[in-house]
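**Student:** After the sequence you'll find the predicted model.
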Amino acid sequence: MLPASIQITGELLSAAEVQDICESLKEDSVRLLSVRGCQLSDRDFGRVCRSVAESRSLAQLNLNLGVVSSISRTRHLADALKTNRSLQTLFLHGSPLLDAGLVTLNPALSTHPTLVCLDLGDCMLGDEALGLICGMLPPDGAKSGLRELTLSANPGISSKGWARLAIAVAHSSQLRVLNLDYNPLGDQIAGMLAVAVASSRTLEVLDLEGTGLTNQSAQVFLDMVENYPTSLRVLVLSENDISPELQQQICDLLSEGEEDDDREAPSQVPGPASSSALLPIRDKYQPIRDKYQPPIWLPHSNSSPQMVLLTSGLGESFLAETEM
């Protein structure tokens, strides 16, 4: 029997429901487990984590919106990740981890053999945590690292911390998607990120929605995509003080580059791993509207390339690649 998915949102989980989840995990019959925004006792959370540790089928774990609500739960999760060898995608968006939580999780996250996608958006992180995250983006020639990283809405990170991340991105041998939306970056940090994008041979998606940018940043990105070859396919600049004309110019140039890549690339036949049930759910931070409004999934399309996406559309391919 093929592994299935369990997806529950915003529910109070009973001990019996938790028992069913744990048994399914232990039987290796679950590929995707999502309990985003759910309430369960500390004891039951520990039971779920122990079952995650035993599972050999679980590829995606979604604990978004406060499920990992204390340092004791963070320790349970860290212990599970140290033993688990199948997980590829982990969502912790909206968890009050703080730097101490990342310190607890880091040994397991940085050594996990298959983890490629990590969402730490709105986790109240600071510079200490970001330094550890940079270690998950190893330079060329080093061990494989993250391919998709979300750090949305972590305003406690300083300019020095973001500069350090830009350096790590420039030298990362794996990173394809970087979501930094709703952080107070400003034009100076955006300029550093432009240099990182120009240096990277892999980064395809950069989300800078609502990051305090102006036309100054847009001009830098425009010059980059117009005059230098990059791997970038999508740049999100919405909800910034940037003119629509500049955004459209950048979008057009990125679309032209994507069309050129499509003409050069051989056609591919989707494999059996292309299951819509495995599409990740990234919780976009919405400070004015619903803070945790779930995003619409907008995968990349060769026929109509998009400038503004709510998520990357690459998680599915990550799962397929790691299975090959």
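**Tutor:** Yep, it's here.
**Student:** per the record, what domains does the chain have?
**Tutor:** 1-110, 116-265+279-324 (automatic domain parsing).
**Student:** Please render those domains as TSV that adds mean neighbour count and mean pLDDT to the earlier fields.
**Tutor:** Where you see a C-beta, it was placed from the backbone N, CA and C, and this is true even at glycine. As requested, the domains of the chain are exported to TSV (neighbours: other C-beta atoms under 10 Å; pLDDT from 0 to 100):
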stretch	mean neighbour count	mean pLDDT
domain 1-110	19	95
domain 116-265+279-324	18	79
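**Student:** so which strand or helix has the closest residue to S199 other than its chain neighbours?
**Tutor:** Leaving aside its chain neighbours, S199 sits nearest to A170 (3.9 Å; criterion: C-beta to C-beta, 6 or more residues apart in numbering). A170 is part of helix 159-171 when elements are defined by DSSP states H and E.
**Student:** re earlier: show the contacting residues for the residue nearest to S199.
**Tutor:** Residues near A170 by C-beta atoms under 8 Å, 6 or more residues apart in numbering: V195, A196, S199, S200.
**Student:** about what we covered before: tell me what the helix or strand following the helix holding A170 is packed against?
**Tutor:** Where DSSP H and E defines the elements, the next helix or strand beyond helix 159-171 is strand 177-179. Contacts defined by 3 or more C-beta pairs under 8 Å, 6 or more residues apart in numbering; DSSP states H and E place strand 177-179 against strand 148-150, strand 205-207.
**Student:** Make JSON lines from those strands and add distance to L98 to it.
**Tutor:** Converted to JSON lines, those look like this (distance: least, C-beta to C-beta, whole Å):
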{"stretch": "strand 148-150", "distance to L98": "17"}
{"stretch": "strand 205-207", "distance to L98": "23"}
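**Student:** And the strands in this structure, which stretches?
**Tutor:** 4-7, 30-34, 60-62, 89-91, 117-119, 148-150, 177-179, 205-207, 234-236 (DSSP state E).
**Student:** can you pull out the helices in the stretch 151-300 of the chain?
**Tutor:** 159-171, 186-199, 215-227, 244-264 (DSSP state H, counting those that start in this stretch).
**Student:** hang on, the earlier thing: looking at the contacts of A170, which two lie furthest apart in space?
**Tutor:** The most widely separated members of the contacts of A170, counting by C-beta to C-beta, are V195 and S200 (9.7 Å).
**Student:** just to revisit the earlier point, just the contacts of A170 now: which is nearest G145?
**Tutor:** Nearest to G145 out of those is S200 (C-beta to C-beta; 12.6 Å).
**Student:** give the contact list for the closest one.
**Tutor:** Contacts of S200 (C-beta under 8 Å, 6+ apart): V169, A170, S172, L175, T230, S231.
**Student:** residue contacts, the closest residue to S158 other than its chain neighbours?
**Tutor:** Leaving out its chain neighbours, the residue that sits closest to S158 by C-beta to C-beta, 6+ apart is D127, at 5.5 Å. Counting by C-beta under 8 Å, 6+ apart, D127 makes contact with D99, I157, S158, K160, G161, R164.
**Student:** Kindly present those residues as TSV, with separate columns for distance to S51.
**Tutor:** TSV is the format used below for those (distance: C-beta to C-beta, whole Å):
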residue	distance to S51
D99	28
I157	33
S158	39
K160	40
G161	35
R164	36
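**Student:** Closest one to Q248 out of those residues, please.
**Tutor:** I157 (30.4 Å).
**Student:** Who are the contact partners of the closest one?
**Tutor:** So I157 contacts L125, G126, D127, A129, L130, L151, N183 (C-beta under 8 Å, 6+ apart).
**Student:** Columns distance to V52 on top of these, output as TSV?
**Tutor:** Formatted as TSV, the contacts of I157 follow (distance: C-beta to C-beta, whole Å):
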residue	distance to V52
L125	23
G126	27
D127	30
A129	22
L130	26
L151	23
N183	30
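**Student:** so of those residues, which ones are in helices?
**Tutor:** When DSSP state H is applied, those are split such that D127, A129, L130 fall in helices.
**Student:** distance of the closest residue to L105 other than its chain neighbours from L246?
**Tutor:** Closest residue in space to L105, ignoring its immediate chain neighbours: A78 at 5.0 Å, by C-beta to C-beta, 6+ apart. Using C-beta to C-beta, to the nearest Å, A78 is found at 44 Å from L246.
**Student:** now do S217
**Tutor:** 9 Å.
**Student:** Repeat that for S72.
**Tutor:** 48 Å.
**Student:** Ok, L12 next?
**Tutor:** In terms of C-beta to C-beta, L12 sits 48 Å off from L246.
**Student:** Quick one: residues contacting the nearest residue to G131 once chain neighbours are set aside.
**Tutor:** What sits nearest to G131 in space, not counting adjacent residues and going by C-beta to C-beta, 6+ apart, is R164, at 6.5 Å. When contacts are counted by C-beta under 8 Å, 6+ apart, R164 touches D127, L130, G131, C134.
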